[in-house]
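Novice: Here is a sequence with its predicted model. Questions after.
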Amino acid sequence: MTLKESIVDINPYILGKLSYGLEELKNNSINSLLSPGSRILYKTHFYPILVEKNMVHEIVLSLIGKDGTKHPFLFNMSMDANDIFLTGLFLNKRNDYESGLIEAKNAAENALLKNKELMMAQKELGQVQKSLEIQLSQERSINKELRILNKMISHDLQEPLRKIQLFASKTISEAKRKYSWEVLALNLNRIIDIAFEGHSLTKRLQQYSELEFYPLRKAHFDLRGIIESTKAKSSISTYGFYYDLEVESVYGDENKINLLFTELFELVNRISSPDHAQTLRITSRVFESNENVLNTFHRKKLRICIITHSQVSDRDTVKRNNSESSDRRGVGLDLAFCEKITTLHGGSFSRENIGPEKVSMEIVLPYVSL
Amino acid sequence: MSSISLRNNVRLIGNGDRTIILAHGFGCDQAMWRYILPFLEKHFRVLVFDYVGCGRSDITCYDENRYGKLTGYAQDIIEICEELSIEKAIFIGHSVSSMIGVLAYIERPKIFRSMVMICPSSCYLNTGDYHGGFEKSELEDLLEMLDSNYIEWANYLAPVVMKNHEKSHLSEELAESFCSMDKSITKNFARVTFFSDNRKDLNKVDIPCLIVQCTEDDIANQRVGQFVKDNLPNSKIVNMDASGHCPHLSHPRETIDVLKNELLTEKFLA
């Protein structure tokens, strides 16, 4: 060919394969012989290489014969200052064999691709399943909270309302019987008290539901310090606090942990008899969790154990606090607070009766060393 | 070098005030520009790059979804421009890169001031009255030919190249890896290139455009070139004496003359 790709000469072998005479092709462009795909590939890929390197070896191009049949050839091409030379090897039989190989290779590649897609789909399915399990667990936890709230509302809130109804009816009937103003005032005071109780319960419910509205502000703080300050503000009656703290520093939201201990002391108060006082033993230990958590950082947990021993109150030795607890209504809500706060920290709370008048309460939090 | 520059093997040459972006076409890489680079770098800052899967790009960045459309390649150009803070550049695209440039401009108009399209085609398929040059079956023949040339694709060097980007001996490798391509990426690029239809995108380009048309171009014929010109609102066509589909390689002198006459004008530089 010339540099402009006009055919100068073709050997009889190739002419024979294409069923052309030389005169029919002489001075025509090689492009007229190339199949469309070969033409694109030659022009966009092999021709630039030929210009750059003056040669290109072992390329497959199809030439179209006079009868329109495609004939694959393996070409070596070279170029000098005047001409382009093509040396072609007819590939028909070899091409059938190679086509078979290519077909098999493509089938294998497709199978691998499908296998890869299947593996990916399986992986995605696994991830979806995992996320569904997490969602399910969250749903369970929300359901549990809702049950607690329902219990609060159905029990604690109904009771004040019932009492309001009772005392209001009593007041009316007494007013009809023209009782003294003192009796009426007494009944009205009772109604006010009960209304206050109902108000304080709904306030606590609001506080409970707002616990997770604000993100935790975690920092290290002193465990003993927080227990002591909470104890000072609480109405708990105690014989004494005994500490055995392996770890004194806790990592978490100080305000919320403070609230946790406040609720915990309320819980202790609530479950013991009015004439009893508590002896509390508080321990803290770090342990390795068996949970399947990839991040080893979270495998270490801090267990804070509070064992309360309730005894009949001896007025001389019992330490009493003057704090009022009248605004802390809601039977069982203190337990819900403890569970919620520990869960928000990625931990847990449990309570167990371990003997007569003896209760063990356990707070487990992720451990982060100082 | 940043991840985007590494991904697309970006090189900046020359020190002109204005920037020219050279985008290679299907089947080759940035080495295609080597004969006209000496002229361009005298007057401009020139940015050359390889599309992912071509030349010395980072093949690991290839994403079938992203590069399953020409917009994925256009996004590469936008990202390169954003990373290098390039605005108002002159874009020169060869073959399919002309349409990639059109898509990049539509998406982010501020990056180009003017465009040069060498042998462009907005659609390679014959459809209705439009004569793109190829029937669907003929383009499928291209995919078969890509399969048949398996030895060619075995020479693809990009993954090796990527790790040795800074080393000097790679000039030798460059000659060896000239226009090297990954087979499966090339097949996908071929599909995306030759089965795309960007005719409706042309009239969204309002900046000055120069269409460089070769005689006897079997890939993008003169009717196609004229169609592109007719549908670009602010365009001019120059018919070269050069034949073929790669005038900047086969006829660099004439290509430089065209660029000299047309590019260094008020209209293109304004």
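Specialist: Cool, got the structure.
Novice: Please count neighbours and contacts with C-alpha atoms only from this point.
Specialist: Noted.
Novice: now the helices for chain A?
Specialist: A:12-18, A:22-25, A:36-41, A:47-53, A:92-151, A:158-176, A:181-209, A:223-233, A:254-271, A:333-344 (DSSP state H).
Novice: could you dump the last one to PDB, C-alpha only?
Specialist: It refers to helix A:333-344. The C-alpha coordinates for helix A:333-344 follow below in PDB (Å, rounded to 0.1, in the frame of the first residue of the first chain):
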ATOM      1  CA  LEU A 333     -39.800   4.600  86.100                       C
ATOM      2  CA  ASP A 334     -36.600   4.700  88.100                       C
ATOM      3  CA  LEU A 335     -35.700   1.200  86.800                       C
ATOM      4  CA  ALA A 336     -36.600   2.300  83.200                       C
ATOM      5  CA  PHE A 337     -34.300   5.400  83.600                       C
ATOM      6  CA  CYS A 338     -31.400   3.100  84.700                       C
ATOM      7  CA  GLU A 339     -31.900   0.700  81.800                       C
ATOM      8  CA  LYS A 340     -32.200   3.500  79.300                       C
ATOM      9  CA  ILE A 341     -29.100   5.500  80.400                       C
ATOM     10  CA  THR A 342     -26.900   2.400  80.400                       C
ATOM     11  CA  THR A 343     -28.300   1.300  77.000                       C
ATOM     12  CA  LEU A 344     -27.500   4.800  75.600                       C
END
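Novice: leaving aside the residues next to it on the chain, what's closest to A:Ile40?
Specialist: Leaving out its chain neighbours, the residue that sits closest to A:Ile40 by Cα to Cα, 6 or more residues apart in numbering or on different chains is B:Ile219, at 6.5 Å.
Novice: Neighbours of that neighbour, how many?
Specialist: 24 (other Cα atoms under 10 Å in any protein chain shown).
Novice: so which of the helices of chain A comes closest to B:Asp63?
Specialist: Nearest to B:Asp63 among these is helix A:92-151; the distance by Cα to Cα comes to 14.6 Å.
Novice: Hey, what's the angle from that closest one to helix A:181-209? Just curious.
Specialist: 160 degrees (axes from the mean of the first three to the mean of the last three Cα atoms, to 10 degrees).
Novice: Could I get the buried residue list for the helix or strand of chain A with the lowest mean pLDDT?
Specialist: Counting by mean pLDDT, DSSP states H and E, chain A has its least confident helix or strand at helix A:158-176, which shows a mean of 79. Neighbour-count burial for helix A:158-176, counted by 16 or more other Cα atoms under 10 Å in any protein chain shown, picks out A:160-161, A:164, A:167-168, A:171, A:174.
Novice: Could you dump those into a markdown table with distance to A:Asp193 added?
Specialist: Formatted as a markdown table, the buried residues of helix A:158-176 follow (distance: Cα to Cα, whole Å):
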| residue | distance to A:Asp193 |
| --- | --- |
| A:Pro160 | 9 |
| A:Leu161 | 11 |
| A:Ile164 | 9 |
| A:Phe167 | 11 |
| A:Ala168 | 13 |
| A:Thr171 | 15 |
| A:Glu174 | 19 |
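Novice: What residues does chain B have near chain A?
Specialist: B:25-28, B:32, B:134, B:138-149, B:151-152, B:175, B:178-179, B:218-219, B:243-246, B:249-250 (Cα under 8 Å from any Cα of the partner chain).
Novice: The same query, at a cut-off of 7 Å, please.
Specialist: B:26-28, B:138-139, B:141-142, B:145, B:148-149, B:178-179, B:219, B:245, B:249 (Cα under 7 Å from any Cα of the partner chain).
Novice: Between all of these, which two are separated the most?
Specialist: Farthest pair in these (Cα to Cα) is B:Glu138 and B:Phe178. Separation: 26.7 Å.
Novice: For these two, indicate the residue with more neighbours.
Specialist: B:Phe178 (23 against 17).
Novice: I'd guessed A:Met77 sits against A:Ile59; true?
Specialist: No: contact criterion Cα atoms under 7 Å: A:Met77 and A:Ile59 do not qualify, at 8.5 Å.
Novice: nearest residue to the residue in chain A positioned nearest to chain B other than its sequence neighbours?
Specialist: Using Cα to the nearest Cα, the closest approach of chain A to chain B is made by A:Gly37 at 3.5 Å. The shortest distance from A:Gly37 to any non-neighbouring residue, by Cα to Cα, 6+ apart, is to B:Leu142 (3.5 Å).
Novice: That neighbour: neighbour count?
Specialist: B:Leu142: 22 surrounding residues under other Cα under 10 Å.
Novice: go on, A:Asn258?
Specialist: What A:Asn258 shows, counting by other Cα under 10 Å, is a neighbour count of 16.
Novice: dump the residue contacts of it.
Specialist: Residues near A:Asn258 by Cα atoms under 7 Å, 6 or more residues apart in numbering or on different chains: A:226, A:230.
Novice: Next: B:Ser121.
Specialist: So B:Ser121 contacts B:95-96, B:220, B:224-225, B:228 (Cα under 7 Å, 6+ apart).
Novice: rerun that using 8 Å as the cut-off
Specialist: B:Ser121 sits next to B:95-96, B:98-99, B:132, B:220, B:224-225, B:228 when contact means Cα atoms under 8 Å, 6 or more residues apart in numbering or on different chains.
Novice: Secondary structure of it: a helix, I assume?
Specialist: No: secondary structure of B:Ser121 (DSSP: H, G, I helix; E, B strand; the rest coil): coil, not part of a helix.
Novice: Could you measure from it over to B:Phe91?
Specialist: Separation of B:Ser121 from B:Phe91 (Cα to Cα, to the nearest Å): 16 Å.
Novice: burial count for the nearest residue to B:Asn203 once chain neighbours are set aside?
Specialist: Leaving aside its chain neighbours, B:Asn203 sits nearest to B:Leu232 (5.1 Å; criterion: Cα to Cα, 6+ apart). When neighbours are counted by other Cα under 10 Å, B:Leu232 registers 22.
Novice: Would you agree B:Leu232 is in contact with B:Leu202?
Specialist: Yes: applying Cα atoms under 8 Å as the test, B:Leu232 and B:Leu202 come out as touching, 5.3 Å apart.
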